[in-house]
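1. This is the structure alone, sequence omitted:
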């Protein structure tokens, strides 16, 4: 009988292959006692949207913003409005 236990990262981000370090970091942020803000940056095709969609589908409260064409000062103002 196989007693392999499935970790939270494997269950929550099961549709994303690889990126184990990012999965562990995001799981820690999700289960943190205080609100945690995460900025996902990187080139196209590095699973940023996949991580956001998994969190949006699996969590009760998730807010995210696509800031692809936002200016630095514009996004900072927007983020402070959310607080």
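-> Received the coordinates, thanks. What you see is a predicted model, and the numbers here were worked out from it, not measured in a lab.
2. helix or strand right after the worst-scoring helix or strand of the chain on mean pLDDT?
-> The helix or strand of the chain with the poorest confidence is helix 8-12; it has a mean of 68 (mean pLDDT, DSSP states H and E). Per DSSP states H and E, the first helix or strand lying C-terminal to helix 8-12 is helix 20-30.
3. Show me which positions of that next one end up buried.
-> Along helix 20-30, these residues count as buried under the neighbour rule (16 or more other C-beta atoms under 10 Å): 22, 23, 26, 27. Quick note: C-beta positions are derived from backbone N, CA and C, even for glycine.
4. Those residues into CSV, with extra columns for pLDDT?
-> CSV is the format used below for the buried residues of helix 20-30 (pLDDT from 0 to 100):
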residue, pLDDT
22, 90
23, 89
26, 89
27, 87
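5. between those residues, which is nearest residue 56?
-> Nearest to residue 56 out of those is residue 26 (C-beta to C-beta; 12.5 Å).
6. Verify the stated contact: that closest one with residue 16.
-> No - assessed by C-beta atoms under 8 Å, residue 26 is found out of contact with residue 16, at 10.1 Å.
7. I'm done for today, thanks for sticking with me.
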